[in-house]
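Peer 1: Got a predicted structure here, sequence first:
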Amino acid sequence: MKCWKEEDGASLVETLVAMAILLAVLVPSTMFLTYIGSNWLVKDKAEGFQLARNEMESIIATENDSSLVRSEGKWIVKRTVTNQEELYYVTVDVFKRDTTNSPIITLETARIWYNK
């Protein structure tokens, strides 16, 4: 009578089932991530946020208390600086040129400028 030894490891069928499950998860998630990466709204928000952040950093670094609206390519950047006693309220709105009714990104902060 032959005695079969128990072997450690996976059989070919088990390996194929595991690969099928892995592909069933990886393919849809890859498609989803590709869709998110190519989504124009996400790209616009990221680009608008970058513009708003750069404008905010520029205002804070130079302590520039002037409000202005400027155009940069397909974007309109509006900055508003208001002063109440020693506190300066800074708001940066970024609009896409074709949708100026509501901003894509709005950043707000309040600062005290000691050099004034």
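Peer 2: Ah, there it is.
Peer 1: Which strand or helix spans residue 108?
Peer 2: Secondary structure here is read from DSSP states H and E; on that basis residue 108 sits in strand 105-112.
Peer 1: any idea which element the residue most central in space within the chain lies in?
Peer 2: The residue lying closest to the centre of the chain (CA atoms, centre = their mean) is residue 46, at 4.4 Å. Assigned by DSSP H and E, residue 46 falls within helix 40-62.
Peer 1: what distance separates that helix from the centre of its chain?
Peer 2: 10 Å (CA atoms, centre = their mean, to the nearest Å).
Peer 1: How about residues contacting that helix?
Peer 2: Counting by CB atoms under 8 Å, 6 or more residues apart in numbering, the neighbours of helix 40-62 from elsewhere in the structure are 36, 64, 72, 75, 77, 79, 81, 90, 92-94, 96, 103-107, 109, 111. The way it works is simple: take the backbone N, C-alpha and C, and place the C-beta from them, glycine included.
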